[in-house]
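**Student:** sharing a model prediction with you, sequence too.
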Amino acid sequence: MDTTEVERLIESGIEDADATVTQPRGEDDDHLAAVVVSSAFEDETLVAQHQAVYDALGEHMTTDIHALELETYTPEEYDEHAG
């Protein structure tokens, strides 16, 4: 599945989301990595944040994406992480 399409699905499924999806070097097309930043993650557990991403991807998680390395952040957390 194309990384741009995965980004679009995540961003359309999670309010205020900014997603960056890559294919880790040497991995198959169905192994992806995503960094998702959204204010919707405020006050949500890490499990709930990841579940929101899986929900946004829907059936693609079982049909097109075999593995997803996932990092989720609120905007403030991301600024601290990137800084």
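**Tutor:** Received it, and whenever you're ready, just let me know what you need. Numbers count the residues shown, from 1 in each chain.

**Student:** quick check on His31: phi, psi?
**Tutor:** As for His31, its main-chain torsions (degrees, to the nearest 10) stand at phi -110, psi 120.

**Student:** ok, now which ones touch it?
**Tutor:** Gln23, Pro24, His66, Ala67, Glu69 (Cβ atoms under 8 Å, 6 or more residues apart in numbering). Placement of C-beta: from N, CA and C, glycine included.

**Student:** now do 10 Å
**Tutor:** If you count contacts by Cβ atoms under 10 Å, 6 or more residues apart in numbering, His31 has them with Gln23, Pro24, Ile65, His66, Ala67, Leu68, Glu69.

**Student:** now it: how far from Val6?
**Tutor:** Separation of His31 from Val6 (Cβ to Cβ, to the nearest Å): 12 Å.

**Student:** mutual contacts of the two, please.
**Tutor:** With Cβ under 10 Å, 6+ apart as the test, His31 and Val6 both reach Gln23, Ile65, Leu68.

**Student:** and the last one, that's in a strand?
**Tutor:** Yes - counting by DSSP: H, G, I helix; E, B strand; the rest coil, Leu68 is part of a strand.

**Student:** wait, doesn't it sit right on Ala33?
**Tutor:** Yes - the pair Leu68 / Ala33 is scored as a contact, 7.4 Å apart, by Cβ atoms under 10 Å.

**Student:** identify the contacts common to those two.
**Tutor:** Val21.

**Student:** closest one of the contacts of His31 to Val53?
**Tutor:** Taking Cβ to Cβ as the measure, Val53 sits nearest to Leu68 out of the contacts of His31, at 7.8 Å.

**Student:** beta partners for the closest one?
**Tutor:** Leu32 (DSSP bridges).

**Student:** and for the one 5 residues further on?
**Tutor:** Listed beta-bridge partners, Tyr73: Val37 (assigned using DSSP bridges).

**Student:** look up how far Gly13 lies from it.
**Tutor:** 17 Å.

**Student:** just Ala56 next, same as before
**Tutor:** Between Ala56 and Gly13 the distance, using Cβ to Cβ, works out to 3 Å.
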